[in-house]
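In: this is the structure alone, sequence omitted:
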């Protein structure tokens, strides 16, 4: 291994993530999803994700932020675990992880346009 003179496997905290570009997009569209959710709620709309709606009802918007952050961490951890065992499947999961919140952002945007 280049950069490792002893040839040892890197430790858990020294590993590079497998799909950094996809994760960057995932974090970005997840943040957009959170932003759009806040705008939709402020304009009198509602959260269409039942679980996220429950979180909002129980813990408010702060709870929603923590919930969405936990989802991001969980999804990246799952993609890394799967990707270390089956690289192609992990990449496909990471791609889906980007597509799902992107679709939610599109739906929220359509809701806002329809409300005008």
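Out: The structure has been received and is ready for your questions. Values in this document were obtained by computation on a predicted structure and should not be read as measured data.
In: ok, residue 56 - how many residues close by?
Out: Neighbours of residue 56 under the rule other C-beta atoms under 10 Å: 19. Where C-beta positions appear, they are placed from N, C-alpha and C, glycine not excepted.
In: for the nearest residue to it once chain neighbours are set aside, list the residues it contacts.
Out: Nearest residue to residue 56 in three dimensions, chain neighbours excluded: residue 64, at 5.3 Å (C-beta to C-beta, 6 or more residues apart in numbering). Applying C-beta atoms under 8 Å, 6 or more residues apart in numbering to residue 64 gives the contacts 34, 37, 47, 52, 55-56.
In: which residue in the residues you listed has the weakest pLDDT?
Out: Within the set of the contacts of residue 64, pLDDT is lowest for residue 47 (89).
In: hang on, that residue packs against residue 61?
Out: No. Residue 47 is beyond contact range of residue 61, at 10.4 Å (criterion: C-beta atoms under 8 Å).
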